[in-house]
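Undergrad: turn this into a model:
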Amino acid sequence: LWRYPFPYKTSSASSPVVWNDIVYCSAAYGVGAGACQVTKDGGTFSAKELWRNKDLPNHWTSPVCKDGYLYGIYGHGKANTAPLKCIDIKTGEEKWSRDGFGGGGATILDGAGNVLAQCDRGPLVLVNAKPDNYQELARAQIYGGQCWSMPVISGGKIFARNTKEGFCLDAAPKP
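TA: Sure, this is the predicted structure:
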């Protein structure tokens, strides 16, 4: 129905992110990120590039989008130092950045309006999903080792893993 050229070089672990009529793509290894807007005129679809930025690679995981803002870990080959960033999906403008997350990933907590990020050496960090500033709400060092994935939340439980083992944390509110 439509195409948007987004060439990559070595590999791409990040999946496209869709928000309304905007599709965001990112890859490491010198590629960076970009977004296009998909429109329909009669029976014809088209994709128009909105922005492109080589300095915004997502290496291991995809960012998440809330209210038109991407929250994710950006950088390639920056173990322990890659930042968690908030990026406007419509313009590519960086709203804020916080170093020290590394190669982990992030997910949205439904209803709470927060982002849960996993750093590449184990800490889980709860961040307020607001574009105006970085606000850390909580941090827990539950394990160490190498963590290159995003945490998953289901049924009041947080599922996270490193390269050797997985964890399930009960995060449901107590009655």
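
Undergrad: how near is Asp55 to Cys168?
TA: Separation of Asp55 from Cys168 (C-beta to C-beta, to the nearest Å): 36 Å. Quick note: C-beta positions are derived from backbone N, CA and C, even for glycine.

Undergrad: for Gln135, that is, sorry about that
TA: 27 Å.

Undergrad: likewise Cys86?
TA: According to C-beta to C-beta, Cys86 and Cys168 sit 28 Å apart.

Undergrad: tell me which helix or strand of this protein sits lowest on mean pLDDT?
TA: One helix or strand of the chain scores below all others by mean pLDDT, DSSP states H and E: strand 105-109, with a mean of 80.

Undergrad: mind listing the strands that strand pairs with, and their directions?
TA: Pairing partners of strand 105-109, with direction, according to DSSP bridges: strand 114-118 (antiparallel).

Undergrad: mind checking pLDDT for Ser12?
TA: pLDDT, Ser12: 69.

Undergrad: centre-most residue in this structure?
TA: Closest to where the C-alpha atoms of the chain average out (C-alpha atoms, centre = their mean) is Pro63, at 1.6 Å.

Undergrad: dump the residue contacts of it.
TA: Residues in contact with Pro63 (C-beta atoms under 8 Å, 6 or more residues apart in numbering) are Ser14, Val17, Tyr24, Ser26, Leu70, Tyr71, Gly72, Ile73, Tyr74, Ile87, Ala106.

Undergrad: ok, Asp170 touching Lys157?
TA: Yes - with contacts counted by C-beta atoms under 8 Å, Asp170 reaches Lys157, the gap being 5.8 Å.

Undergrad: neighbour count winner among those two?
TA: Neighbours per residue, other C-beta atoms under 10 Å: of Asp170 and Lys157, the larger number sits with Lys157, 13 against 9.

Undergrad: what about that one, distance to Gly166?
TA: 12 Å.

Undergrad: cool, Gly122 as well?
TA: For Gly122 relative to Gly166 (C-beta to C-beta), the value is 13 Å.

Undergrad: of these two, which one has the most company?
TA: In this view Gly122 and Gly166 are compared by other C-beta under 10 Å, and Gly122 has more residues nearby, 19 against 10.
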